[in-house]
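>>> next come a sequence and a model predicted from it.
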Amino acid sequence: MIRNESYLLRKIEDRTFLLPTGQEINWGRGSVELSNIGEIIWEKLKENCSTDDVALAVYNAVTEDCAVENEIVEVAKDSKLYRQIYCDVKTYIEDLAAKGVVNYGAIISDNSEYKYYKIAGIILKICDEKNFIGSFLDDFKVLGNNNGEETVSVYIHETYQPVEYGNGNIIVDSSDVRILEKEHAYEMSFKTLSDINSALVYKEKKIIYLNVSNNSTAENILFAMRLGYTLYALEESKLLIHSASFLYKGKIWLVSAPSGTGKSTHASLWEKYEGVRLINGDSNLLDVDSQTVQGVPWCGTSKICENEDYKLGGIFLLERGTKPEVCELSFPDKVLKVTRRILSPTWDKKMMLHVTDLVEKSCRDVVVAKLVCDMNKESYMVLKEYIDRLSE
């Protein structure tokens, strides 16, 4: 959990208050008076920490033993005084959270159980005490992170609070999502997901907080999680491409197009007439360094996703037309058109530069062409002939 930085700590004579600012005032939030212990809690919560961390800070202040060594900590925790402080701190924090002062509602139990999932080489360490995800990610489940791989911590927390916009710079405000950039994190609110109250994605700590309602679906939670995941995956030179994919001649071939154009329909023609396996019906993660397509659970409404990795054969940019044909593109057109199909974040110039550098590298390493088609068997045959010629 962490404090809501939209509140100002203000002393008035011998009393201490937290005063709301900005959007908090618009939400109708009022001032909150802090006790002496409350001031200690507020100071500790400037960084993400657990109830145990806060209780120990209060214990240290009360006993004036602020240099507790690790072996003494466990002794302190066994004391009657510490157990009482822990209970009082937990109640105090819950009250602050109800008032919006502890931001994002991210209260994490010290005894939380975690489940581990491996998606494209990145370990997700998920705390989901209400089991919102259920068996949705079982195909990606692992026992833990035994190989020291990149780990992202995800906390799914049920909260009844309204979306906390807080203070920050708006960097995205689309019909689907609003993203604010803060000093250490991105805060997100989802306009089309009524069961996802808000999300917080840290820039450097690789932590995602999801604040959800009690009727949240696994599909919506996973969609909200995707924004944070793709941010961290981008740092590993991995791009999420809006595309359907099929396995042919030992390689993955991507058919990319805007929603509703027919990428999944075209991929299904390959399944029907060639008997190939469809790998993902909506999104594919490309590891640019190895030019490998890696399995991910994001598959739109297609319900098609396989947790397997294959070399990328090529990318075909689908365009509707009456005469099926494969058209070559200039190199700049390849880069620009593929970039428009990227689902990885391009929220600022630095991200866009990184994305276009990765796209440019991919366009030099694999086939990229335009596929004009009308969603019938001839379209499949035209592309099959083209790919077969590449293999000659």
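It's in. Numbering: from 1, shown residues only.

>>> low-confidence ranges in the protein?
Along the chain, segments meeting pLDDT under 70 span 27, 65-78, 103-112, 146, 148, 159-167, 392.

>>> tell me the domain boundaries of it?
The chain is divided into the following domains under automatic domain parsing: 2-103, 114-235, 238-390.

>>> as a markdown table, those domains with mean neighbour count would be great.
(C-beta placed from N, C-alpha, C; glycine too.) Shown next, in a markdown table, are the domains of the chain (neighbours: other C-beta atoms under 10 Å):
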| stretch | mean neighbour count |
| --- | --- |
| domain 2-103 | 16 |
| domain 114-235 | 18 |
| domain 238-390 | 18 |
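
>>> spatially central residue in the chain, please.
Compute the mean C-alpha point of the chain, and by C-alpha atoms, centre = their mean the closest residue is residue 228, 2.4 Å away.

>>> and that one, that one's in a strand?
No: judged by DSSP: H, G, I helix; E, B strand; the rest coil, residue 228 forms no part of a strand; its state is helix.

>>> that one touches residue 203, doesn't it?
No: in this structure residue 228 lies outside contact range of residue 203 using C-beta atoms under 8 Å: 10.4 Å.

>>> can you pull the contacts of the residue nearest to the centre of the chain?
Counting by C-beta atoms under 8 Å, 6 or more residues apart in numbering, residue 228 makes contact with 152, 154, 199, 201, 208.

>>> looking at those, point me to the pair that's furthest apart.
152 and 199 (13.0 Å; C-beta to C-beta).

>>> shared neighbours, those two?
Contacts common to residue 152 and residue 199, judged by C-beta under 8 Å, 6+ apart, are 208, 228.

>>> how near is residue 347 to residue 371?
30 Å (C-beta to C-beta, to the nearest Å).

>>> then residue 260?
According to C-beta to C-beta, residue 260 stands 16 Å off from residue 371.

>>> quick one, helices of the protein?
Secondary structure of the chain (DSSP state H): helices at 23-26, 36-44, 51-63, 70-77, 80-98, 218-235, 263-274, 331-339, 349-365, 377-390.

>>> tabulate the ones you listed (a markdown table), appending distance to residue 176.
Supplementary listing: those in a markdown table, determined by distance: least, C-beta to C-beta, whole Å:
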| stretch | distance to residue 176 |
| --- | --- |
| helix 23-26 | 20 |
| helix 36-44 | 34 |
| helix 51-63 | 34 |
| helix 70-77 | 45 |
| helix 80-98 | 27 |
| helix 218-235 | 10 |
| helix 263-274 | 19 |
| helix 331-339 | 19 |
| helix 349-365 | 18 |
| helix 377-390 | 30 |
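
>>> out of those, which gets nearest to residue 302?
helix 263-274 (5.5 Å).

>>> got the CA coordinates for the closest one in CSV?
Listed next in CSV are the C-alpha coordinates belonging to helix 263-274 (Å, rounded to 0.1, in the frame of the first residue of the first chain):
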residue,chain,number,x,y,z
LYS,A,263,-7.7,-11.0,-39.7
SER,A,264,-9.3,-13.8,-37.6
THR,A,265,-11.5,-14.8,-40.5
HIS,A,266,-8.5,-15.1,-42.9
ALA,A,267,-6.6,-17.1,-40.3
SER,A,268,-9.6,-19.5,-40.0
LEU,A,269,-9.4,-20.1,-43.8
TRP,A,270,-5.9,-21.6,-43.2
GLU,A,271,-7.4,-23.9,-40.5
LYS,A,272,-10.2,-24.9,-42.8
TYR,A,273,-8.3,-25.6,-46.0
GLU,A,274,-4.7,-26.4,-44.8
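
>>> if anything else comes up later, I'll come back, but that's it for now.
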